[in-house]
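Colleague: compute the structure for the input listed below.
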Amino acid sequence: MAFFFQVSMLAFCLAFVCDGAKASAAAGREVDAPPPATIVIGFVGGFVHHDDRMHTEVQLAERLREEFAPGVAVQLFENHRGTDAHASVLRMLHPSGEGAPSLEEKKNARVIIFGHSWGASETVELARKLKRDGVPVLLTIQVDSVAKFGQDDALIPPNVEQAVNFYQDDGWLHGKAEIRAADPSRTRILGNFRSSYKNKPFACGQYPWYDRTFMKPHIQIECDTQVWSQVESLIRSNLASETSRLPTGGTAPSQIAKP
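Modeller: Numbers count the residues shown, from 1 in each chain. Next up is the predicted model:
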């Protein structure tokens, strides 16, 4: 009888210790993992994988991640994973992992979203989802935005502070020519900047033949260094001051020029 009593007590103690350890670990996570100063979410276009380094969006995300970690969280998603991106933003805003972000966590959120093609359409869609959550967005950037079925990539929701659109209209597949603010008093449209590739040599030879054949201008804007230099500069200029870094490279947003 004494033996069974001792075993029971031992089991109870172990359970108590384990529960305490779990609580301490959770508390440690809450203390050691504050929300990132800024969250940068990117979406690749078409059927591109989020880690395909041939694509400019992936290279940009890698540069930002390497330079600004850990103060800035940079994540890249396929454009069909908008739900995952949305959940990830909410999770990063509330790193304790219990419940939803508080009103204070939402108010202090600093979110930047960018994307190309279908990824640009998903950029606006994610901003719209965050509006329903009460989460502000610092900046949305669309590069040759192609609307996905059921999405409106032209109307920028009022939780977005700044929005910019880069597009080309040379090929049969081309981006949205104009974006507009649902509430101009709350959202500043930085511009709709058109690029033309009619007289420019194709400089994306590493892309698959069907892209080069059927979507040539749409692909050219994706690897246009002038366009993406401005994209990168705009992102850098909006990164949180907590990183203690100054924006470098690219074109300053106040000097953004039509490509």
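
Colleague: so who does residue 62 touch?
Modeller: residue 53 (CB atoms under 8 Å, 6 or more residues apart in numbering). The C-beta positions use only the backbone N, C-alpha and C, and glycine is treated the same way.

Colleague: let the chain start at 36 from now.
Modeller: All set: I'll call the first residue 36, so the last point we hit is now residue 97.

Colleague: now the element after whatever helix or strand it lives in, going C-ward?
Modeller: Element membership for residue 97, per DSSP states H and E: helix 91-103. Heading C-terminal from helix 91-103, the first helix or strand you meet, by DSSP H and E, is strand 107-113.

Colleague: what lines up beside that next one in the sheet?
Modeller: strand 73-79 (parallel) (DSSP bridges).

Colleague: quick one: the strand it pairs with to helix 91-103, angle?
Modeller: Orientation of strand 73-79 against helix 91-103 (axes from the mean of the first three to the mean of the last three CA atoms, to 10 degrees) gives an angle of 160 degrees.

Colleague: so how far is strand 73-79 off the chain centroid?
Modeller: 1 Å (CA atoms, centre = their mean, to the nearest Å).

Colleague: re earlier: how about the helix holding residue 97: buried residues?
Modeller: Within helix 91-103, the residues that qualify as buried are 91, 92, 93, 95, 96, 99, 100, 103, counting by 16 or more other CB atoms under 10 Å.

Colleague: what about residue 187, how many neighbours?
Modeller: Residues lying near residue 187 (other CB atoms under 10 Å) number 15.

Colleague: spatially nearest residue to it (excluding sequence neighbours)?
Modeller: residue 159 (7.1 Å; CB to CB, 6 or more residues apart in numbering).
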